[in-house]
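[1] predicted structure and sequence below. I'll ask about it afterward.
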Amino acid sequence: MSATLQASEPEEVYWEDLVPEGFNELTAPSVSHDNQMTQLQPNAPVVENYDGKYVKIPGFVVPLEGTAELTTEFLLVPYFGACIHVPPPPSNQIVYVKFEQGVPIENLYDAIWVTGVLSTEGWSGDIASVGYRLSGESVAPF
């Protein structure tokens, strides 16, 4: 980690930290096999205090862009299979991560730590609406 980029250690942030106090997370619907993957709360509120913070967040990768060796864009989600096998969680439980140079992701089944600068600027794609963005700096095993 370059001292010019970040002088301090990243703040550890967990998924419950990204949910505003008093926000009611609706229970996800049971899994169906009708190819409907509707996101239950695509506009869930975010915690504004994290905007611009240097953080590290644990989670699982849903790849969006990259090559077989390097992933440049992915969704970080709190549990394996989110957005793929089960409907996406609320938007404040998904982080869109971008690595300009790409980063190797060894195994999608393994949880990782992702470090970088968090933003409350949302993102929307075909898979889900997302409450947070992270400018990726590094990944490490969880």
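    Perfect, thanks for sending it.

[2] and the strands in the protein, which stretches?
    All strands of the chain, identified by DSSP state E, fall at 11-12, 54-66, 71-77, 95-103, 112-119, 123-124, 129-130, 132-141.

[3] export those to JSON lines and append columns for mean pLDDT, distance to V86 and mean neighbour count.
    In short, each C-beta sits where N, CA and C put it, glycine included. As requested, the strands of the chain are arranged in JSON lines below (pLDDT from 0 to 100; distance: least, C-beta to C-beta, whole Å; neighbours: other C-beta atoms under 10 Å):
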{"stretch": "strand 11-12", "mean pLDDT": "98", "distance to V86": "26", "mean neighbour count": "12"}
{"stretch": "strand 54-66", "mean pLDDT": "97", "distance to V86": "12", "mean neighbour count": "19"}
{"stretch": "strand 71-77", "mean pLDDT": "97", "distance to V86": "10", "mean neighbour count": "22"}
{"stretch": "strand 95-103", "mean pLDDT": "97", "distance to V86": "17", "mean neighbour count": "18"}
{"stretch": "strand 112-119", "mean pLDDT": "98", "distance to V86": "20", "mean neighbour count": "21"}
{"stretch": "strand 123-124", "mean pLDDT": "96", "distance to V86": "19", "mean neighbour count": "16"}
{"stretch": "strand 129-130", "mean pLDDT": "96", "distance to V86": "16", "mean neighbour count": "22"}
{"stretch": "strand 132-141", "mean pLDDT": "97", "distance to V86": "20", "mean neighbour count": "18"}
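
[4] give the bridge partners for V117, please.
    Beta bridges link V117 to Y54, S135, judged by DSSP bridges.

[5] quick one: it and Y132 touch, right?
    No - if you go by C-beta atoms under 8 Å, V117 and Y132 don't touch, sitting 10.8 Å apart.

[6] quick revisit: in JSON lines, list the strands of the chain along with distance to E48.
    Below are those laid out as JSON lines (distance: least, C-beta to C-beta, whole Å):
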{"stretch": "strand 11-12", "distance to E48": "15"}
{"stretch": "strand 54-66", "distance to E48": "14"}
{"stretch": "strand 71-77", "distance to E48": "19"}
{"stretch": "strand 95-103", "distance to E48": "15"}
{"stretch": "strand 112-119", "distance to E48": "11"}
{"stretch": "strand 123-124", "distance to E48": "16"}
{"stretch": "strand 129-130", "distance to E48": "16"}
{"stretch": "strand 132-141", "distance to E48": "11"}
